[in-house]
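S.K.: Provide a 3D model corresponding to the input given below.
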Amino acid sequence: MARLSLPARGLPARGLPAREVTARRLGRTAGPALVLAAALTVAVPGTAHANSVGLTVRTPGATSGPSTTFAEISTHADCASGLVAGGGINQAIGTGAVSNGNHVMGTGPSSDGSSEYTGTTGVVGTDVTHWLGIGGTGGATDAAFSTTPYATCLTSTLINHTQVVMNKVAGPASASTVGLVTAVCPANTVLLGGGARSTPASIGSLKPIASFPTFNDAAHDYGLKAAADGATNPNAWSAVGWNGGGGNSGNTTYAYAICSASGINVSGVTVKVRFTEVSGPTSATTGQTATVGCGGSDGKLISGGAAVSGGGVTTTDFTGPGSGGTHLNGSFPSGSTGTPVSDGTTSAAYWTAFSHSGGASSPSTYTDAWALCADDGV
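M.R.: As a prediction, this is how the structure comes out:
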């Protein structure tokens with residue numbers, strides 16, 4: 001069943017002008033003269049240059065399920081051309097109490113469309129063209145449940161090779177605590193996007209609740225604080241696992257950073273962060289979305305991230321939401337009003353986060369969205 005979307009009223013947004021942010025609540029040739037002209041053109045400050053970055057969004061559509069409780073399904077989006085810069089996921093969750101039962105279990109790169117990077121940490125893949133969307137269930141399931149993956153497929157004259165860096169941490173180890181881990185791009189590369197994963201799905205209250213760009217420096221507490229609106233060239237990606245109260249045995253959270261390949265001169269590349277944070281969801285069995293976009297001078301959208309949090313994620317160390325059951329149901333490329341884009345879209349400029357409170361109220365909870373916008377300087 002399609003989820004209903006209504007415009008939000010009075011929701012605070014931080015860090016972006018209103019024209020760039022939308023929030024809404026759910027359920028409510030050359031002779032001498034030409035040579036001289038060219039020289040003069042180069043000398044003029046602020047002259048526009050070509051940006052070779054291109055992006056195509058690929059999605060196969062929805063995969064139904066999971067059809068049983070405490071389980072997960074995995075589906076994938078594939079780049080027919082270009083390389084994965086990032087990707088996302090969106091879930092259909094039904095309405096009423098049943099909507100509490102579906103949640104994101106992971107969104108991240110894959111070497112073949114089915115395998116995950118979960119082994120040794122560090123650089124785990126190169127020139128990846130597949131993106132996974134993994135949906136899970138808690139103690140309820142419904143025929144309405146489905147998961148749709150999205151791959152953001154990058155083409156660039158300069159950034160023509162990429163690498164995946166993975167890091168992982170045991171945890172979260174107890175109820176309503178975070179397990180945060182950060183994957184850091186190698187020196188002299190740029191961050192293009194990233195993803196997050198939590199295992200095992202048999203712990204129905206376990207899920208990743210945040211996947212965001214950051215910096216591996218003291219100012220960002222080495223990944224505990226997220227990149228803020230207007231930040232340039234973040235070099236790391238953090239993932240946050242959240243346990244709503246189930247078991248703690250074997251819980252693991254994974255972070256994936258998609259980076260340019262080593263050996264590429266990225267001195268002229270600018271990756272700009274756009275970020276927004278909105279209040280909610282706070283009432284039981286309700287959802288919230290936050291949408292943020294790339295401005296005209298930011299470059300082209302290449303990926304994004306999402307979180308449901310205790311707020312202030314760019315100024316303080318990450319904290320969890322107000323309820324153990326609060327979770328993410330989406331992080332995906334969208335239009336300005338938060339509608340997911342269609343397969344083959346080449347003009348996506350916005351990213352949307354979709355969160356849900358679960359079956360209990362979730363006070364002091366916020367929904368966060370990040371867009372990464374790139375100009376390769378070519």
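
S.K.: how close does the residue nearest to the spatial centre of the chain get to residue 203?
M.R.: Geometric centre of the chain, nearest residue: residue 305, 2.3 Å, by C-alpha atoms, centre = their mean. Note on residue 305: its distance to residue 203, by C-beta to C-beta, to the nearest Å, is 23 Å. Every C-beta, even on glycine, is put in place using the N, C-alpha and C of the backbone.

S.K.: same thing with residue 153?
M.R.: Remark: distance between residue 153 and residue 203 (C-beta to C-beta) = 33 Å.

S.K.: returning to that earlier point: sec struct for the residue nearest to the centre of the chain, please.
M.R.: Using DSSP: H, G, I helix; E, B strand; the rest coil, the structure places residue 305 in strand.

S.K.: wait, residue 164 sits on residue 260?
M.R.: No - assessed by C-beta atoms under 8 Å, residue 164 is found out of contact with residue 260, at 11.5 Å.

S.K.: between the two, what contacts are shared?
M.R.: Counting by C-beta atoms under 8 Å, 6 or more residues apart in numbering, residue 164 and residue 260 have no contacts in common.

S.K.: quick one, which of those two is more surrounded?
M.R.: residue 260 (28 against 24; other C-beta atoms under 10 Å).

S.K.: so that one touches residue 193, yeah?
M.R.: No - using C-beta under 8 Å, residue 260 makes no contact with residue 193, being 11.1 Å away.

S.K.: before we move on, back to that, pairing partners for the residue nearest to the centre of the chain in the sheet, please.
M.R.: residue 370 (DSSP bridges).

S.K.: contact partners for it?
M.R.: So residue 305 contacts 193-194, 210-213, 237, 331, 351, 353, 369-370, 372 (C-beta under 8 Å, 6+ apart).

S.K.: let's see 6 Å
M.R.: Applying C-beta atoms under 6 Å, 6 or more residues apart in numbering to residue 305 gives the contacts 211, 212, 370.

S.K.: before we move on, back to that, neighbour count for residue 153 and residue 203, which is higher?
M.R.: Counting neighbours by other C-beta under 10 Å for residue 153 and for residue 203 shows that residue 153 has the greater number, 25 against 22.

S.K.: from the contact counts, what lies against the helix or strand that contains the more buried one?
M.R.: Using DSSP states H and E, residue 153 falls within strand 146-155. Strand 146-155 is packed against strand 54-58, strand 72-78, strand 83-92, strand 130-137, with contacts defined by 3 or more C-beta pairs under 6 Å, 6 or more residues apart in numbering; DSSP states H and E.

S.K.: who wins for proximity to residue 157 among those strands?
M.R.: Evaluated with C-beta to C-beta, the helices and strands packed on strand 146-155 place strand 54-58 nearest to residue 157, the distance being 9.4 Å.

S.K.: same question for that closest one, mean pLDDT?
M.R.: Strand 54-58 comes out with an average pLDDT of 98.

S.K.: which residues touch residue 332?
M.R.: Going by C-beta under 6 Å, 6+ apart, residue 332 touches 88, 90, 150, 340, 352.

S.K.: excluding covalently adjacent residues, which one is nearest to it?
M.R.: residue 88 (3.8 Å; C-beta to C-beta, 6 or more residues apart in numbering).

S.K.: my guess is that neighbour contacts residue 150, does it?
M.R.: Yes - if you go by C-beta atoms under 6 Å, residue 88 and residue 150 touch, sitting 4.3 Å apart.

S.K.: between these two, which has more neighbouring residues?
M.R.: Neighbour count, other C-beta under 10 Å: between residue 88 and residue 150, residue 88 has more, with 33 against 30.

S.K.: report the contact partners of the closest residue to residue 231 other than its chain neighbours.
M.R.: Nearest residue to residue 231 in three dimensions, chain neighbours excluded: residue 273, at 4.3 Å (C-beta to C-beta, 6+ apart). By C-beta under 6 Å, 6+ apart, residue 273 lies in contact with 213, 227, 231.

S.K.: how about residue 169?
M.R.: Per C-beta under 6 Å, 6+ apart, neighbours of residue 169: 179, 181, 253.

S.K.: surely it is within a helix?
M.R.: No - counting by three-state DSSP, one finds residue 169 to be strand, located in no helix.

S.K.: so for it, what's the pLDDT?
M.R.: Taking residue 169 on its own, its pLDDT is 98.

S.K.: how much space separates residue 219 from residue 314?
M.R.: Relative to residue 314, and taking C-beta to C-beta, residue 219 is found at 11 Å.

S.K.: how near is the residue nearest to residue 332 to residue 203?
M.R.: 23 Å.

S.K.: now swap in residue 346 and tell me
M.R.: 39 Å.

S.K.: what's the answer for residue 90, then?
M.R.: Distance of residue 90 to residue 203, given as C-beta to C-beta: 23 Å.
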